[in-house]
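J.: I would like to see how this sequence folds:
(one chain, ligands or ions: 1)
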Amino acid sequence: MTEPTARRLTLGALVHGSGGHIAGWRHPDARPDGQLDFAFHADLARTLERGRFDALFVADVVAIWGHQLDSLSRTGRAEHFEPLTLLAALSLVTEHIGLAATATTTYNHPFHIARKFASLDHISGGRAGWNAVTSAVPLEAANFGYDSHLEHELRYHRAEEFVQVVKALWDSFDDEAVVRDKATGRYYDPTGLHTPHHRGEHFAVRGPLNISRPPQGHPVVAGPLNIARPPQGHPVVVQAGASEAGKNLASRVADVIFSGIRDLGRAQEFYAEIKERAAAHGRDPDHLKVLPALPVVTAPTESEARDKLARLTELLPPQVALADLSYWLGGFDLSACPLDGPLPELPVSNQSHTAQQQIYEDARRDNLTIRDLVRRVANDDRTITGTPRQIADHIEEWFHGRAADGFNVILPYLPGTLDDFAELVIPELRRRGLFRTHYPGRTLRDHLGLPSPSRRA
Ligand SMILES: Cc1cc2nc3c(=O)[nH]c(=O)nc-3n(C[C@H](O)[C@H](O)[C@H](O)COP(=O)(O)O)c2cc1C
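T.: Residues are numbered from 1 along each chain as shown. Reported below is the predicted structural model:
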């Protein structure tokens with residue numbers, strides 16, 4: 001099938017300094033101390049930009065990342081930079097790549113978030129993105145004065161209102177309101193100022209935002225008229241939950257949805273469903289991009305790629321792998337269960353519904369034991385492993401098969417797997433005419449082919 005030329009492959013990269021695989025930091029081609037080294041992050045961002053990736057995504061949890069402290073102490077997940085601070089710094093050492101930070105709607109306030117992302121949008125010249133998550137790690141609750149994690153449903157309720165308030169704050173100023181006229185003494189036109197006066201179930205926010213409203217389609221011009229305006233309209237909004245509530249939220253308010261789906265058939269169903277939901281909300285389905293995760297290990301030959309992955313698997317202590325499975329199932333302790341037996345029936349998780357459901361679906365469909373699931377969750381049989389041509393075949397099949405508008409590439413260890421992807425896979429994608437050789441514009445919305453939303457959209 002020939003794709004319309006307007007449909008572009010999107011490539012984002014989810015960057016953990018310690019690598020996307022839980023044992024990634026131990027690999028010989030990884031930097032174990034990369035997580036808190038800014039120069040290391042700057043090098044990664046430049047490599048991604050040379051590869052013309054649409055965006056660099058930074059994940060976040062406002063706690064150490066996991067729940068069993070002993071196994072956590074064997075991962076690189078216990079420390080990471082605050083994402084907006086990191087991205088503001090990265091915006092100064094890059095020119096084009098989109099910079100998307102994760103920020104939770106459960107342990108933040110909309111005014112802070114609207115302000116911080118509007119600031120990043122200004123500072124980066126229109127490259128900001130916000131991955132709005134509802135938080136899935138219970139340890140976060142204890143850092144914010146709660147005895148337990150908010151209920152899943154309540155988290156999404158709050159998220160709905162949260163995003164609505166953030167967008168209203170981004171719309172505080174009309175384009176024309178930003179005057180900066182020294183002659184008349186008018187800094188902005190008060191008739192173009194919109195104060196949200198929001199009073200809802202979770203938030204009361206008067207507004208307006210103390211940053212001018214992003215414009216619609218104005219180029220960034222250092223002139224008297226729009227010097228203060230961020231160029232994107234709204235920073236790009238990403239949503240990464242695939243429960244019923246997550247899909248609802250994404251299809252109404254997000255520009256991008258991430259998923260963790262690894263099976264082509266399921267990914268096609270998910271893609272069709274998300275596009276239909278967006279259309280049902282009166283949106284152009286092309287304006288909601290579906291990006292499944294793509295963990296990749298590549299090398300010039302298939303056996304080299306498989307060796308690299310095997311090396312990674314050997315570095316994962318069994319108790320860490322089991323704790324990882326138990327985390328994704330919702331934090332239930334599996335240590336007393338026989339490894340060669342089936343998964344016990346567990347209550348519905350208050351963490352990620354999607355992650356728990358997917359593990360159960362896999363277990364039932366493929367008749368998997370706990371040992372099999374440990375392997376699967378530890379990524380060794382879900383990482384796309386092969387030659388650059390095999391990786392490109394996978395990308396092409398999913399893209400043309402309408403399972404994905406692009407991918408959120410997960411790099412199991414860094415910098416090794418990123419260097420391999422940039423040197424081997426990107427040229428192969430270009431040879432096939434699948435991926436760009438230059439950036440189409442200046443902003444993240446330009447890269448993604450997304451229009452600037454009209455006011456109060
Ligand atoms: C690719 C991807 C990246 C994610 N990154 C984060 C993250 O950085 N922080 C976080 O708290 N949750 C993250 N999540 C979790 C989701 O945002 C969501 O909160 C979680 O899946 C629970 O929602 P659900 O029950 O709708 O699946 C991520 C999910 C996916 C698929």
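J.: Check which strands are paired with the helix or strand where Phe258 lies and give the direction for each one.
T.: Element membership for Phe258, per DSSP states H and E: strand 256-259. With DSSP bridges as the test, strand 256-259 is paired with strand 236-239 (parallel), strand 289-298 (parallel).
J.: So which of the ones you listed is nearest Pro342?
T.: When the strands paired with strand 256-259 are compared by Cβ to Cβ, strand 289-298 sits nearest Pro342, at 25.7 Å. Yep, even glycine has a C-beta here, placed from its N, CA and C like the rest.
J.: Now do stretch 10-17, average pLDDT.
T.: Regarding stretch 10-17, the rounded mean pLDDT is 94.
J.: Got phi/psi on the residue in the chain positioned nearest to the ligand?
T.: Residue nearest to the ligand within the chain (Cβ to the nearest ligand atom): Gly241, separated by 2.5 Å. For Gly241, the backbone dihedrals are phi -100, psi 140 (criterion: degrees, to the nearest 10).
J.: buried ones in stretch 419-432?
T.: Neighbour counts over stretch 419-432 (16 or more other Cβ atoms under 10 Å) mark Asp420, Phe421, Ala422, Leu424, Val425, Ile426, Glu428, Leu429 as buried.
J.: Could you look up the SS state of the third one?
T.: On the three-state scheme (DSSP: H, G, I helix; E, B strand; the rest coil), Ala422 is labelled helix.
J.: got the contact list for it?
T.: The contact partners of Ala422, taken as Cβ atoms under 8 Å, 6 or more residues apart in numbering, are Thr47, Leu48, Arg50, Gly51.
J.: Select from these the one having the most neighbours.
T.: Among these, Leu48 has the most neighbours (other Cβ atoms under 10 Å), with 28 neighbours.
J.: related to what we said a few turns ago, out of the strands paired with strand 256-259, which one sits most buried?
T.: Of all the strands paired with strand 256-259, strand 236-239 has the most neighbours on average by mean count of other Cβ atoms under 10 Å, namely a mean of 26.
J.: Can you redo the strands paired with strand 256-259 as TSV, where the extra columns are mean pLDDT and distance to the ligand?
T.: As requested, the strands paired with strand 256-259 are exported to TSV (pLDDT from 0 to 100; distance: least, Cβ to the nearest ligand atom, whole Å):
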stretch	mean pLDDT	distance to the ligand
strand 236-239	97	7
strand 289-298	97	5
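J.: These: which one's closest to Ala39?
T.: strand 289-298 (24.4 Å).
J.: Next SSE downstream of that closest one?
T.: Sequence order places helix 302-314 as the next helix or strand after strand 289-298, per DSSP H and E.
J.: what does that following helix contact?
T.: 21, 23-24, 27-28, 297-299, 375, 378, 380, 383, 385-387, 390, 412-413, 416.
J.: do stretch 437-444 as well
T.: If you take Cβ under 8 Å, 6+ apart as the criterion, stretch 437-444 is touched by 8, 52, 54-55, 96, 98-100, 125-129, 219-220, 231-232, 235-236, 430, 446-447, 449.
J.: So which of those residues belong to strands?
T.: Applying DSSP state E to those, the entries found in strands are Ala55, Gly98, Leu99, Ala100, Ala128, Gly129, Val236.
J.: The second one: what's it in contact with?
T.: If you count contacts by Cβ under 8 Å, 6+ apart, Gly98 has them with Gly12, Asp54, Ala55, Leu56, Arg127, Ala128, Gly129, Val236, Thr443, Leu444, His447, Leu448.
J.: Report the separation between the closest residue to Ala103 other than its chain neighbours and Asp405.
T.: In this structure, Ala103 finds its nearest non-sequential neighbour in Ile113, 5.6 Å apart by Cβ to Cβ, 6 or more residues apart in numbering. Going from Ile113 to Asp405 by Cβ to Cβ, to the nearest Å gives 25 Å.
J.: For the chain, what lies in contact range of the ligand?
T.: Within the chain, the positions adjacent to the ligand are 59-61, 102, 104, 133-137, 240-243, 245-246, 258-260, 293, 352-354, 408 by Cβ under 6 Å from any ligand atom.
J.: Pull out the buried residues from those residues.
T.: Applying a neighbour-count criterion of 16+ other Cβ under 10 Å, the buried members of the residues of the chain next to the ligand are 59-61, 102, 104, 133-137, 240-243, 245-246, 258-260, 293, 352-354, 408.
J.: can you tell me which of these are in strands?
T.: Mapping these onto strands (DSSP E) picks out Thr102, Thr104, Val133, Phe258, Ser259, Ala293, Asn408.
J.: Beyond the host helix or strand of Ile359, next helix or strand please.
T.: For Ile359, the host element (DSSP H and E) is helix 353-366. Counting by DSSP H and E, the next helix or strand C-terminal to helix 353-366 is helix 370-377.
J.: Can you show me the CA trace of that next one as PDB?
T.: In PDB, the C-alpha atoms belonging to helix 370-377 read as follows (Å, rounded to 0.1, in the frame of the first residue of the first chain):
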ATOM      1  CA  ILE A 370       6.500 -17.100  36.300                       C
ATOM      2  CA  ARG A 371      10.000 -18.000  35.100                       C
ATOM      3  CA  ASP A 372       9.000 -17.300  31.500                       C
ATOM      4  CA  LEU A 373       7.300 -14.100  32.500                       C
ATOM      5  CA  VAL A 374      10.400 -12.900  34.300                       C
ATOM      6  CA  ARG A 375      12.400 -13.400  31.100                       C
ATOM      7  CA  ARG A 376       9.800 -11.600  29.100                       C
ATOM      8  CA  VAL A 377       9.400  -8.600  31.400                       C
END
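J.: tell me how far it is from the chain's mean position?
T.: Offset of helix 370-377 from its chain centre (Cα atoms, centre = their mean, to the nearest Å): 25 Å.
J.: Where do the strands of the stretch 1-150 of the chain begin and end?
T.: Residue ranges of the strands in the stretch 1-150 of the chain, as given by DSSP state E, counting those that start in this stretch, are 10-14, 55-58, 98-104, 128-133.
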